[in-house]
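Undergrad: Quick one: sequence plus predicted model below, questions after.
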Amino acid sequence: MAPQEWSDKRERQYAHIKDSAMERGESEDTAKEIAARTVNKERARAGESEQASRTSTEDMSSGERGGKRSHSGAKGRTKDQLYEEAKRKGVDGRSTMTKDELKDAVDD
């Protein structure tokens, strides 16, 4: 379930997002993950969390994005998102890579 430090507003937001994902056919576990990640990102953007990643605070809001970059959509992941994934995977030379090079490196 949702962490206790969430406000009532965030609890309602979590429930709404989870229900919407399940209506789209996602499994309950996947729906919970999508909802928790979305709420946590919104908390970070609003300054409600102790830690926040650069992509959480500088990227467009999830409401504004509305699935524009989900999976392999029109533009796919942003360069910042690809860079962060490359950093997690320990890809050498990532700081000088283009978006396409980052995509190739993280998708291998």
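TA: That came in fine, so what should we check first?
Undergrad: Report the buried residues of the helix ranked longest in the chain.
TA: As assigned by DSSP state H, the longest helix anywhere in the chain is helix 28-45. Going by neighbour count (16 or more other CB atoms under 10 Å), the buried part of helix 28-45 is 31-32, 34-36, 38-45. Quick note: C-beta positions are derived from backbone N, CA and C, even for glycine.
Undergrad: now residue 83: how far from residue 36?
TA: Residue 83 sits 23 Å away from residue 36, going by CB to CB, to the nearest Å.
Undergrad: got it, and residue 79?
TA: Using CB to CB, residue 79 is found at 25 Å from residue 36.
Undergrad: quick one: the helices in this structure?
TA: All helices of the chain, identified by DSSP H, fall at 8-23, 28-45, 54-58, 62-65, 79-89, 99-107.
Undergrad: what bits of this structure have low per-residue confidence?
TA: 1-4, 52, 54-75 (pLDDT under 70).
Undergrad: one more time with 90, if that's ok
TA: The chain contains residues with pLDDT under 90 at 1-10, 21, 24-26, 34, 36-85, 88-89, 100, 103, 106-108.
Undergrad: May I see the domains of it written out as residue ranges?
TA: Listed by automatic domain parsing, the domain ranges of the chain are 1-69, 77-108.
Undergrad: and the longest helix of the chain, what does it pack onto?
TA: Identification of packing neighbours for helix 28-45 by 3 or more CB pairs under 8 Å, 6 or more residues apart in numbering; DSSP states H and E yields helix 8-23, helix 54-58, helix 62-65.
Undergrad: The longest one: how far from the chain's middle?
TA: Okay, so that is helix 8-23. Counting by CA atoms, centre = their mean, to the nearest Å, helix 8-23 is centred 16 Å from the centre of its parent chain.
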